[in-house]
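J.: Predicted model and sequence below, questions to follow.
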Amino acid sequence: MSGIIRRDVLIGSAALACGAVIGRAAAQEVKSTGVGKIALGRAAKKAQAFLERFGAPGLSLAYARDGRIRYAGAFGVADPRDHTALRTNHRFRIASVSKPITSVAVWRLIENRMLTAEQKVFGTGGVLPQYEIKRAPRRDWLEMITIDHLLTHTGGGWTNDVDDPMFHYPGQRQEDLIQQTLETAPLKTRPGEAYAYSNFGYCVLGRIIEAATQRSYESVVRELVLSPSGAETMSIAGDTLEERKPDEVYYHDPDGWAYKMNVARMDSHGGWIATAGELVSFVLHADGYKTVPDLISRDTMRRMIARSKASAYYARGWSINPRHNNRWHNGALPGTASLLVRVEGGGHFAGLVNTRVRNPDINDALDALLWSIYDEVNG
């Protein structure tokens, strides 16, 4: 995350050299306002070099300044099998960039007095009393977990590692998975004491949203977060290749896992698909600058982005740095990598790739690329 921690004109199509995965010339689509031709050319060269380095099919980018998108670019292909050119309206799985969206939805419900951050989750009087914990290990700790613990990844367990519940038992419904996890995966620390990044915790937050509203997670988030942000085409992904949504890219995954996961079950922690522009539109409405109407009040936003006692680098659904007011979230799943950033001073950007490479790490390289292009388009 080094890059983050340290700080409408249609340009037609242009033929570009391609990486090993793409296999032939790929088009680029760039839309910009107020960005010079030299800067646009440098940005395109950097994007192409990234594709070639990682053998990535496609890369989608969007940048905003002063409340509006100044630059959107799509490079490479949406589907390497038939060489469909990538366009700025193509949608990608955004993986854990879903977490800020879930967090904002929770805070909207808190503002509407349908939830409180201090509310208990499990047991009698909890938001989710339907889950049986009488025979669960560390029942005393389970009964202590609050909504705020889940938002800050301080629930006490269920870490994103080889034992991550969200990547086991793919045939189970969310409700069954939660019950089984409570019974078979004991908490490791007292809630509130230690930061441990938890996809499962954000899965539970999705069920809390449903319990508070008596509606589906997806429909609530659409109404409270996405529609007011102008992110109208975002949706929860399907699992298989046959369930791919209209204008959704193909995920190139040499390991073969991209279409073998229960992505829809990941809804509130990693299940959304979006365009880069829609992610930027979302963060523009959750930034506190008032260049566009914010989804939550300033006071609520201060609570959302305040670091927890257990971590100096994570707030409530957002990665942060105590030295400045940048905030961001990245995401990765087999076949996809994503990043969304809000820059101190008013900049916003997002990047999406339809592959994932671990060595070298494509997420770190995407971070560096997006900051480099940020300097170009805002120069």
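T.: Great, that's in hand.

J.: what does the host helix or strand of Ala105 contact?
T.: Secondary structure from DSSP states H and E places Ala105 in helix 98-111. In this structure, residues lying in contact with helix 98-111 by Cβ atoms under 8 Å, 6 or more residues apart in numbering are 115-117, 147, 151, 202, 205-206, 208-209, 212-213, 220-221, 224-226, 266-272, 282-283, 286, 295-297, 300-301, 303-304, 316-318, 329, 331, 340. Every C-beta, even on glycine, is put in place using the N, C-alpha and C of the backbone.

J.: chain center to stretch 356-369: distance?
T.: Here stretch 356-369 shows a centroid-to-chain-centroid distance of 16 Å under the convention Cα atoms, centre = their mean, to the nearest Å.

J.: follow-up on the earlier one: what's downstream of the helix holding Ala105, the next helix or strand?
T.: In the C-terminal direction, the helix or strand that comes right after helix 98-111 (DSSP H and E) is helix 139-142.

J.: Could you export the helix or strand just after that next one as CSV, CA atoms only?
T.: Downstream of helix 139-142, the first helix or strand assigned by DSSP H and E is helix 147-151. What follows is the C-alpha trace of helix 147-151 in CSV, where atoms were taken according to Å, rounded to 0.1, in the frame of the first residue of the first chain:
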residue,chain,number,x,y,z
ILE,A,147,-21.8,-3.8,15.5
ASP,A,148,-18.8,-1.6,16.0
HIS,A,149,-16.6,-4.6,16.6
LEU,A,150,-17.6,-6.0,13.3
LEU,A,151,-17.1,-2.7,11.5
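
J.: Now do helix 147-151, average pLDDT.
T.: What helix 147-151 shows for mean pLDDT is 98.

J.: Quick one: mean pLDDT over the following helix or strand past it.
T.: Proceeding C-terminally, helix 147-151 gives way to helix 174-184 as the next helix or strand, assigned by DSSP H and E. For helix 174-184, mean pLDDT is 97.

J.: From Lys134, how far off is the nearest residue to Phe122 once chain neighbours are set aside?
T.: With Cβ to Cβ, 6 or more residues apart in numbering as the measure, Leu142 is the residue that lies nearest to Phe122, at 5.0 Å, once sequence neighbours are left out. Between Leu142 and Lys134 the distance is 10 Å, computed by Cβ to Cβ, to the nearest Å.

J.: more crowded one of these two?
T.: Each of Leu142 and Lys134 has its neighbours counted (other Cβ atoms under 10 Å); Leu142 has more, 23 against 6.

J.: I'd say the more buried one and Ile133 touch.
T.: Yes. When contacts are counted by Cβ atoms under 8 Å, Leu142 is listed as touching Ile133 (5.1 Å).

J.: list residues touching both of these two?
T.: Taking Cβ under 8 Å, 6+ apart as the contact rule, the neighbours common to Leu142 and Ile133 are 122-123, 182.

J.: Can you lay out those residues as TSV showing distance to Ala62?
T.: Formatted as TSV, the entries for those read as follows, by distance: Cβ to Cβ, whole Å:
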residue	distance to Ala62
Phe122	39
Gly123	43
Leu182	39
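
J.: quick check, nearest of these to Phe92?
T.: Leu182 (32.6 Å; Cβ to Cβ).

J.: Now do the closest one: how many residues are near it, please.
T.: Leu182 is flanked by 24 other residues according to other Cβ under 10 Å.

J.: go on, Pro228?
T.: Pro228, neighbours per other Cβ under 10 Å, totals 17.

J.: In contact with Ile305: list those residues for me.
T.: Shown in contact with Ile305 (Cβ under 8 Å, 6+ apart): 315-316, 318, 320, 325, 327.

J.: for the residue nearest to it when sequence neighbours are not counted, what are its contacts?
T.: Counting by Cβ to Cβ, 6+ apart, Ala315 is the residue found nearest to Ile305 once chain neighbours are left out, at 4.7 Å. Listed by Cβ under 8 Å, 6+ apart, the contact partners of Ala315 are 152, 304-308, 327.

J.: one step back: per-residue pLDDT of the residue nearest to Phe122, please?
T.: Leu142 is assigned 98 on the pLDDT scale.

J.: Identify the residues contacting it.
T.: 122-123, 133, 136, 182, 187.

J.: Check Ala95 too.
T.: Taking Cβ under 8 Å, 6+ apart as the contact definition, Ala95 lies against 270, 331-333, 336-338.

J.: State the pair within these that is farthest apart.
T.: The two members of these with the most space between them (Cβ to Cβ) are Gly270 and Ala337, at 12.3 Å.

J.: Now flag whichever of the contacts of Leu142 is closest to Lys45.
T.: For Lys45, the nearest member of those is Leu187. The distance, counting by Cβ to Cβ, is 49.7 Å.

J.: Kindly tell me how buried the closest one is, as a neighbour count.
T.: Around Leu187 there are 21 other residues, counting by other Cβ under 10 Å.

J.: same thing with Ala276?
T.: By other Cβ under 10 Å, the burial measure for Ala276, its neighbour count, is 29.

J.: Show me the beta-bridge partners of Val77.
T.: Listed by DSSP bridges, the beta-bridge partners for Val77 are Ala85.

J.: I'd like to know how far it sits from Thr336.
T.: Here Val77 is placed at a distance of 15 Å from Thr336 (Cβ to Cβ).

J.: Of the two, give the one with the bigger neighbour count.
T.: Using other Cβ under 10 Å as the criterion, Val77 and Thr336 rank with Val77 on top: 29 against 26.
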